[in-house]
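>>> return a 3D structure for these sequence lines:
(2 chains)
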Amino acid sequence: MLEATIYITLKSGVLDPQGETVKHALHSLGYPQVEEVSMGKYLRIKLDGLNPQQAATHLEQMCRRLLANTVIEDYRFEIKEIA
Amino acid sequence: MKFGVIVFPGSNCDHDCYHVIKHVFNREVEFVWHKQPQLNKFDAIIIPGGFSYGDYLRPGAIARFSPIMSQVIDYANRGGLLLGICNGFQVLLEVGLLPGAMRTNHQLKFICEYVNIRVENNATPFTQNCAQGQVLRIPIAHMQGNYYVDPETLKQMQAQNQIIFRYCSPEGQIDEAHNPNGSLYNIAGISNKAGNVLGMMPHPERCTEDILNSTDGRLIFESLINRLSQRESTVVSY
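Residues are numbered from 1 along each chain as shown, chains lettered A, B, ... in the order given. Down below sits the predicted model:
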C-alpha cells in the first residue's frame, strides 16, 4: 500500500486573501515577525496495486486534471510505502 | 426555439432560470439532468448557479467532469450559445471553455447584494439588446467571484473584446470602491473568443420582473431570444 501526501498552494503572485487574513490575525496575537502566510490544501491518498513509479504518474494526472487548478495553483506530492 | 438548463446535484438556480424562460418570456425550456446520456437539440443552454457538488474541492471543479459536460463542450465548440451564471461561470472556467479562474472574494465574505455592471461589449448574443456602456443593476450572491487570469491572457481578452461586464458605480464609473470581490480589472462577465459562450457572476434570472426590485436581467434573455429569432428567420428565408 502506498500513501501519497499532496500539497496544493496558490501560485506566488496570486493574491491569497485567506493567508493575508491569517497573517494579520497572527500579528494581532503578538507575532509581528510573521512576514507572510500562505494557505493551501493537503490531501492524503492511499493507493493499492501500484508501484511508486506508476503511482507518481497517476498522481501527476490526478493533480493536473482535478486536484489542482493549474491556472492559479501549484502542486507537489510525496509517496511512501505504508504497512 | 428551445432552451436547456443543466442541473447538477447542488444546482439551485435552475428553477429561476426555467421560470424566467417559460413564464416571463414564454419560450420552450427543459431541465437537463447531468447524467442524461444524450443532450437533446437546444438553441441555447444555461448552466445555472448554485453549489454543484457542494463546491467541494473548488466550485465547479467536480461538475466539469459530469457525464453531460462532454456533450455540452461539443455543443459549445460547434458554436452553440452557452450561458454560465455564477456557479455555471465557475464550471465553464474549470472546464476551460472560458479562460481564467475564480478565487475567494478578497474580503473573505459571501456577498449577496445588488451591484452595477457596465456592458463593455454589446455585440454578443447575450448583450445585443443592451447599449454599449449601459449600466445594469443585477444581484450577486457568491463567495468565489474574484476573477483572475494571467496578464498575457488578459491583454488578449481585451484585444478580442472578450470582457463583457465590469463592476461599476451606478453612473458607470469603474473603480475599486465598486468592485465587490476584488475581481481583476473589475471583471464580472467574459466570453470566449468566438463569442458564443458567456460566463457572468451576477444573476440576471433574479431580476426580470417588476416585483423583484430590478428588471435589468431581462436584457440578457431578450438579447438571446432576439439572436435566436434572427437565426430562425435567416434559416426560413432560405
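>>> so which bits of chain B are right by chain A?
Chain B comes close to chain A at residues B:57-58, B:61-62, B:65, B:93-94, B:100-101, B:103-108, B:146, B:148-150, B:182, as judged by C-beta under 8 Å from any C-beta of the partner chain. Bear in mind the C-beta positions are built from the backbone N, C-alpha and C, glycine included.
>>> make it 6 Å
Contact residues, chain B versus chain A (C-beta under 6 Å from any C-beta of the partner chain): B:58, B:101, B:104, B:106, B:108, B:148.
>>> next up, the contacts around the closest residue to B:Trp33 other than its chain neighbours.
Computed as C-beta to C-beta, 6 or more residues apart in numbering or on different chains, the closest residue to B:Trp33 that is not its neighbour in sequence is B:Val7, at 5.5 Å. Residues in contact with B:Val7 (C-beta atoms under 6 Å, 6 or more residues apart in numbering or on different chains) are B:14, B:31, B:33.
>>> list the buried residues of the helix or strand bottoming out on mean pLDDT in chain B.
Of all the helices and strands that make up chain B, helix B:218-236 has the lowest average by mean pLDDT, DSSP states H and E, namely a mean of 87. By neighbour count on 16 or more other C-beta atoms under 10 Å in any protein chain shown, the buried set for helix B:218-236 is B:218-225, B:227-228.
>>> got it, and stretch B:162-178?
Neighbour counts over stretch B:162-178 (16+ other C-beta under 10 Å) mark B:162-168, B:174, B:178 as buried.
>>> possible to save those as a markdown table with pLDDT, secondary structure and distance to A:Ser28?
Formatted as a markdown table, the buried residues of stretch B:162-178 follow (pLDDT from 0 to 100; DSSP: H, G, I helix; E, B strand; the rest coil; distance: C-beta to C-beta, whole Å):
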| residue | pLDDT | secondary structure | distance to A:Ser28 |
| --- | --- | --- | --- |
| B:Gln162 | 98 | coil | 42 |
| B:Ile163 | 98 | strand | 38 |
| B:Ile164 | 98 | strand | 41 |
| B:Phe165 | 98 | strand | 37 |
| B:Arg166 | 98 | strand | 35 |
| B:Tyr167 | 98 | strand | 30 |
| B:Cys168 | 98 | strand | 34 |
| B:Ile174 | 98 | coil | 34 |
| B:His178 | 98 | helix | 29 |
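>>> quick one: which of these is nearest to B:Ile211?
Checking the buried residues of stretch B:162-178 against B:Ile211 by C-beta to C-beta gives B:Phe165 as the nearest, at 24.3 Å.
>>> isn't that closest one right next to B:Asn121, touching?
No - here B:Phe165 does not reach B:Asn121: they are 8.7 Å apart, not a contact under C-beta atoms under 6 Å.
>>> average pLDDT for the helix or strand containing B:Gln71?
Taking DSSP states H and E as the definition, one finds B:Gln71 inside helix B:69-77. Average pLDDT, helix B:69-77: 96.
>>> got a list of contacts for that helix?
B:39, B:82, B:97, B:197.
>>> stretch B:111-129 now?
When contacts are defined by C-beta under 6 Å, 6+ apart, stretch B:111-129 is touched by residues B:81, B:130, B:132, B:134-137, B:139-141, B:161, B:163-168, B:170, B:172, B:180, B:188, B:191, B:195, B:198, B:202, B:219-220, B:222-224, B:226-227.
>>> buried set for that stretch?
Burial within stretch B:111-129, assessed by neighbour count using 16+ other C-beta under 10 Å, is assigned to B:111, B:115-122, B:124-129.
>>> those in strands, which ones?
The strands, defined by DSSP state E, take in B:111, B:115-119 from the buried residues of stretch B:111-129.
>>> most widely separated two among these?
B:Ile111 and B:Val119 (21.1 Å).
>>> any low-confidence regions in chain B?
Counting by pLDDT under 70, the ranges of chain B that qualify are B:234-238.
>>> let's go with 50 and repeat that
B:237-238 (pLDDT under 50).
>>> residue in it nearest to chain A?
B:Ala101 (4.0 Å; C-beta to the nearest C-beta).
>>> what about stretch B:122-139, how long is it end to end?
Start to finish, the residues bounding stretch B:122-139 are 20 Å apart (C-alpha to C-alpha, to the nearest Å).
>>> coming back round to it: can I get the buried residues of helix B:218-236 in TSV with distance to B:Thr208?
As requested, those are exported to TSV (distance: C-beta to C-beta, whole Å):
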residue	distance to B:Thr208
B:Arg218	5
B:Leu219	9
B:Ile220	9
B:Phe221	7
B:Glu222	9
B:Ser223	13
B:Leu224	12
B:Ile225	12
B:Arg227	17
B:Leu228	17
